[in-house]
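> Have a look at this prediction, sequence included:
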Amino acid sequence: GALVYQYPRRTICKSGTSMRMECQAVGFQATSVAWYRQSPQKTFELIALSTVNSAIKYEQNFTQEKFPISHPNLSFSSMTVLNAYLEDRGLYLCGARANSGNTLYFGEGSRLIVV
Amino acid sequence: GDSVTQTEGQVALSEEDFLTIHCNYSASGYPTLFWYVQYPGEGPQLLFRASRDKEKGSSRGFEATYDKGTTSFHLRKASVQESDSAVYYCALRQQQGTGSKLSFGKGAKLTVSP
């Protein structure tokens, strides 16, 4: 079956430092990867959509300068939260979709805690 | 843009109660509709999806029927169990070029008491 692993599950970082998170698709080829942030008040916010061999598309309020994403192959993607502050806290979710599929499969998320 | 509106907030039931969580969508054409479930400390898991009018999705006793006439995809379960306690999200897939954008409702937190 389709599985998505995210690492790390949880990070505590000091304000102003950065956190890198990884997303691994197992059992299928992740042609599209969507990164979301889930916070208590804002449910799921789409950060960006990444499709292999296409430019990464960021949503309004999210930028490549703040959330650089790498999607080098069909099984792996990473995203970094640069200069993290309190408003960046939340659960960062990676959703991966196969080219032939209609469904985003999510990992368990990487929780960012900023102190 | 395309969106979903669902039952939000807390839904409190007792075991063996009937569950309905409403979901209505706003979109052109035939978007794909999804129900996801999220347990504490985990990412959202797909329950099921549907892409065509009158198509019924089902899993683990939950079901929903795609209704283009009423633009709805309501989640139902005849008899809930304590283990069904979780947050349920209705979602809609919008096609964006070669990518896919999934828009979520705000979630309904189901708590089932024994």
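Ah, there it is.
> Please give me every residue in contact with residue 43.
In the absence of a named chain, this looks at chain A. The contact partners of residue A:43, by CB atoms under 8 Å, 6 or more residues apart in numbering or on different chains, come to B:89, B:104, B:105, B:106, B:107. In short, each C-beta sits where N, CA and C put it, glycine included.
> try again with chain B
Residue B:43 makes contact with A:4, A:6, A:91, A:93, A:106, A:107, A:108, A:109 under the criterion CB under 8 Å, 6+ apart.
> Nearest to residue B:57 among those residues?
Of all the contacts of residue B:43, the one sitting nearest residue B:57 is residue A:106; the distance, using CB to CB, is 17.5 Å.
> rewinding a little: which ones among the contacts of residue A:43 also lie next to chain A?
B:89, B:104, B:105, B:106, B:107 (CB under 8 Å from any CB of the partner chain).
> Around chain B, pick out the residues from chain A.
By the rule CB under 8 Å from any CB, the part of chain A lying against chain B is A:4, A:6, A:32, A:34, A:43-44, A:46, A:49-51, A:54, A:57, A:91, A:93, A:95, A:97, A:102-109.
> which one of the contacts of residue B:43 has the most neighbours?
Neighbour counts for the contacts of residue B:43 peak at residue A:93, which has 27 neighbours (criterion: other CB atoms under 10 Å in any protein chain shown).
> Where does pLDDT dip in chain A?
Residue ranges of chain A with pLDDT under 70: A:1-2, A:42.
> where along chain A do the strands fall?
Counting by DSSP state E, the segments of chain A that form strands are A:3-7, A:10-13, A:19-26, A:30-39, A:43-51, A:57-58, A:69-73, A:76-81, A:90-98, A:105-106, A:110-114.
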